[in-house]
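> Pasting the sequence and the predicted model now:
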Amino acid sequence: MRAIRVATNGGPEVLELGEVEVPEPGPGQLLVDVAAAGVNFIDTYQRSGLYSMQLPFTPGSEGAGEIVAVGQDVDGFAVGERVAWAMAPGSYAEKTLVPASSAVKVPEGVAADVAAAAMLQGMTAHYLINSTHEVKTGETVLVHAAAGGMGLLLTQLIKSRGANVIGTVSTDEKERLAREAGADEIIRYTQADVAAEVRDLTDGRGVDVVYDGVGKSTFEASLASLRPRGTLVLFGASSGPVPPVDPQRLNSGGSLFLTRPSLGHHLLNREELDWRAGDVFNWIASGAINIRIGGTYPLTDARKAHEDLEGRRTTGKLLIVP
């Protein structure tokens with residue numbers, strides 16, 4: 001079968017299409033025909049070496065497809081069923097092994113590409129607004145990169161809670177998409193002082209919480225945008241990792257809270273997985289959220305998918321379709 005392989009860390013050019021043996025499912029595993037694989041910033045971190053992976057490896061931790069073989073000691077799954085997954089490596093391939101413990105069944109009426117696009121970012125948005133900071137009616141929230149896959153999901157979900165969203169974007173098209181998702185106010189981060197704009201929009205108070213998946217280039221503005229005892233949720237680093245922080249900065253900013261959560265720590269058991277994935281699929285089915293697929297790429301264009309994502313030339317979710 002064909003799969004993308006990374007033999008050495010580096011830029012998108014290290015993503016190589018190759019032929020590998022079709023794996024056999026071991027105990028607790030499913031072999032799945034991959035219908036679509038999600039492209040996420042964590043894939044670029046692993047490719048570059050920012051997040052250490054044993055080389056060589058096949059990137060991609062999210063996808064959806066049809067089960068073609070079931071390993072021993074697997075209950076509740078059968079050949080022919082559609083499943084989706086996140087936090088399971090090796091999805092940039094025609095087939096992949098998925099731990100049954102990480103798989104969820106895709107409900108009827110949810111297309112495979114939508115399921116693949118929703119898993120990692122959908123469950124991330126779920127824990128961000130429910131577990132990291134429970135968004136409440138009347139709060140004001142700053143969402144960076146509001147027209148990206150995560151930004152659009154967060155904006156829709158925050159608005160469904162009755163809170164207000166200030167989004168940051170860079171272009172007219174991205175502003176249009178963020179406003180369609182429900183953003184109340186938009187800041188052009190390339191043209192304005194984000195923190196000063198936030199203060200103006202909140203009558204000097206600041207926001208209750210900032211959801212920041214950008215990292216290095218937005219970190220200081222995020223802290224400066226918070227109200228006293230506000231929370232900065234740093235859940236990604238698309239612009240690079242944040243340098244070390246003096247905790248006194250949190251005190252001087254107003255006894256601020258800073259957290260760096262990850263999805264893996266919010267999927268510690270089957271109950272959490274079923275809760276978060278179940279809610280995401282229910283939101284899709286009910287129309288509470290719209291999953292925007294901003295681009296699809298064949299395996300041969302995996303490099304371009306990474307280049308487009310890192311170059312911030314995209315909106316919504318990117319997929320690789322084997």
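That came through fine. Small disclaimer: the values here were computed from a predicted structure and weren't measured.
> alpha carbons only for contacts and neighbour counts from here, please
OK.
> what residue is smack in the middle of the protein?
residue 121 (3.2 Å; C-alpha atoms, centre = their mean).
> what secondary structure does it sit in?
At residue 121 the chain is in helix, as set by DSSP: H, G, I helix; E, B strand; the rest coil.
> That one contacts residue 152, doesn't it?
No - in this structure, residue 121 is not within contact of residue 152 by C-alpha atoms under 8 Å, at 10.1 Å.
> which ones are touching the residue nearest to the centre of the chain?
Shown in contact with residue 121 (C-alpha atoms under 8 Å, 6 or more residues apart in numbering): 149-150, 153.
> Check residue 159 too.
Contacts for residue 159 (C-alpha under 8 Å, 6+ apart) come out as 165, 182-183.
> Doesn't it belong to a helix?
Yes - the assignment for residue 159 by three-state DSSP puts it in a helix.
> That one and residue 136, how far apart?
Residue 159 is 10 Å from residue 136, where distance means C-alpha to C-alpha, to the nearest Å.
> for residue 287, same thing?
As judged by C-alpha to C-alpha, residue 287 and residue 136 stand 21 Å apart.
> And the contacts of residue 159, which is closest to residue 32?
residue 182 (36.2 Å; C-alpha to C-alpha).
> element containing residue 274?
For residue 274, the element it lies in under DSSP states H and E is helix 270-286.
> now swap in residue 233 and tell me
Per DSSP H and E, residue 233 falls inside strand 226-234.
> and that strand, how far out from the chain's middle?
From the chain centre to the centre of strand 226-234 is a distance of 21 Å (C-alpha atoms, centre = their mean, to the nearest Å).
> hmm, back to that, flag whichever of the contacts of residue 121 scores worst on pLDDT.
Ranked by pLDDT, these bottom out at residue 149 (89).
> I figured it hits residue 317, correct?
Yes - here residue 149 reaches residue 317: they are 4.7 Å apart, a contact under C-alpha under 8 Å.
> can you list residues touching both of those two?
residue 292.
> circling back to that earlier point, from the contacts of residue 159, which ones fall inside strands?
Judged by DSSP state E, strands contain the following of the contacts of residue 159: residue 165.
> Would you reformat the contacts of residue 159 as TSV and include neighbour count and pLDDT?
Compiled in TSV, the contacts of residue 159 are given as follows (neighbours: other C-alpha atoms under 10 Å; pLDDT from 0 to 100):
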residue	neighbour count	pLDDT
165	26	98
182	21	97
183	28	98
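> List just the nearest of the contacts of residue 159 to residue 200.
Set against residue 200, the nearest of these by C-alpha to C-alpha is residue 165 (14.3 Å).
> so what's that closest one up against?
By C-alpha under 8 Å, 6+ apart, the residues touching residue 165 are 140-143, 155, 158-159, 182-185.
> In helices only, show me these.
Those of those mapping onto helices are 155, 158-159, per DSSP state H.
> Arrange these in TSV, one row each, with distance to residue 126 and pLDDT as further columns.
Listed next are the ones in helices among the contacts of residue 165 as TSV, based on distance: C-alpha to C-alpha, whole Å; pLDDT from 0 to 100:
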residue	distance to residue 126	pLDDT
155	12	97
158	10	97
159	13	97
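> which of those residues lies closest to residue 193?
Of all the ones in helices among the contacts of residue 165, residue 155 has the smallest distance to residue 193: 21.1 Å, by C-alpha to C-alpha.
> rewinding a little: neighbour-wise, which of residue 287 and residue 136 wins?
Just comparing residue 287 and residue 136: by other C-alpha atoms under 10 Å the higher neighbour count belongs to residue 136, 17 against 10.
> Name the next helix or strand following the longest strand along the chain along the chain.
When the chain is parsed with DSSP E, its longest strand is strand 29-39. Tracing the chain past strand 29-39, the next element assigned as helix or strand by DSSP H and E is helix 41-48.
> who's the closest residue to residue 183 other than its chain neighbours bridged to?
Spatial nearest neighbour of residue 183, chain neighbours left out: residue 165 (5.0 Å); criterion: C-alpha to C-alpha, 6 or more residues apart in numbering. Residue 165 has these beta-bridge partners by DSSP bridges: residue 141.
> Show me what the helix or strand containing residue 195 is in contact with.
Using DSSP H and E, residue 195 falls within helix 194-201. When contacts are defined by C-alpha under 8 Å, 6+ apart, helix 194-201 is touched by residues 166, 187-188, 204-207, 221-222, 224-225.
> close enough to count as contact, residue 164 and residue 136?
No - with contact defined as C-alpha under 8 Å, residue 164 does not reach residue 136; the gap is 9.7 Å.
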